[in-house]
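Novice: Structure of the sequence below:
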Amino acid sequence: GDSWGIFTFLCAALCNLPALPALNCSEELGAGQSIQQTYDLTRYLEHQLRTLAGTYLNYLGPPFNEPDFTPPRLARAERVPSATVDLDLWRGLTDNARLAANYRAYSRLLCYLRVLDGQVGTAELRHRLAHFCASLQGLVLSIGGVMSSLGYPLPAGPAAPPAPPGAPAAPNDFLKKMDDFWLLKELQTWLWRSAKDFNRLKKKVPPAVVTLRLEARGF
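Specialist: Numbering: from 1, shown residues only. As a prediction, this is how the structure comes out:
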């Protein structure tokens, strides 16, 4: 009938068409998306740390779990990377220098947290610490991805060990708890500042764009 004739005609026409370039739509995942993902992860870790810190400080007991407890930072705590830097000085650094400082700091903080994970006495707290360490490891990798996408080299050398060879352990339980307190305090400050860093950086780098590529086939 007529329908069969139309079908046959269309098949013949399609078979005799010249090969056309294939249209391929793909999204180029660039630095913008990598920065956004790192920013989101930083904010997630901030939220996660608030819960973890509250639980851990309660585990340490008074006076560490008291809201107005502000102990002096002892010389022992200087091994922990400090985020206490003048904000104008920090903002005056290049993007590369800030990213490298973040990468090194979180790599070292992760080492300290893993030691902490092996020392706590409750299964629930160990589980929370292990989960947080996994998220923090993801942040280190994500910062490395941002640096690579921007063409910056990763900082050379492995992260420093939690304690240099021959370093004395905390002489008593109170000072050991003080070390733990400052570790959480510095980590909280680093995450707060990193979130601001990545928020500013994502405004400087355009988001990922959708590009159309023509792939010639059949010629």
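Novice: What segments of the chain are helices?
Specialist: 2-15, 31-60, 87-91, 95-117, 123-149, 173-204 (DSSP state H).
Novice: Same list (those) but as CSV, adding mean pLDDT, distance to residue 69 and mean neighbour count.
Specialist: C-beta coordinates here come from the backbone N, C-alpha and C atoms, glycine included. Converted to CSV, these look like this (pLDDT from 0 to 100; distance: least, C-beta to C-beta, whole Å; neighbours: other C-beta atoms under 10 Å):
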stretch, mean pLDDT, distance to residue 69, mean neighbour count
helix 2-15, 51, 78, 9
helix 31-60, 94, 9, 18
helix 87-91, 87, 25, 10
helix 95-117, 92, 19, 20
helix 123-149, 94, 19, 17
helix 173-204, 92, 8, 18
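Novice: Could you export those to a markdown table, including columns for distance to residue 156?
Specialist: Output for the helices of the chain, formatted as a markdown table (distance: least, C-beta to C-beta, whole Å):
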| stretch | distance to residue 156 |
| --- | --- |
| helix 2-15 | 59 |
| helix 31-60 | 21 |
| helix 87-91 | 22 |
| helix 95-117 | 10 |
| helix 123-149 | 12 |
| helix 173-204 | 21 |
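Novice: out of the ones you listed, nearest to residue 74?
Specialist: With C-beta to C-beta as the measure, helix 173-204 is the member of those nearest residue 74 (6.4 Å).
Novice: Can you get me the start-to-end distance on stretch 88-100?
Specialist: 18 Å (C-alpha to C-alpha, to the nearest Å).
Novice: And the contacts of it?
Specialist: 101, 143, 146, 147, 150, 152, 154, 155, 193, 197, 201, 204 (C-beta atoms under 8 Å, 6 or more residues apart in numbering).
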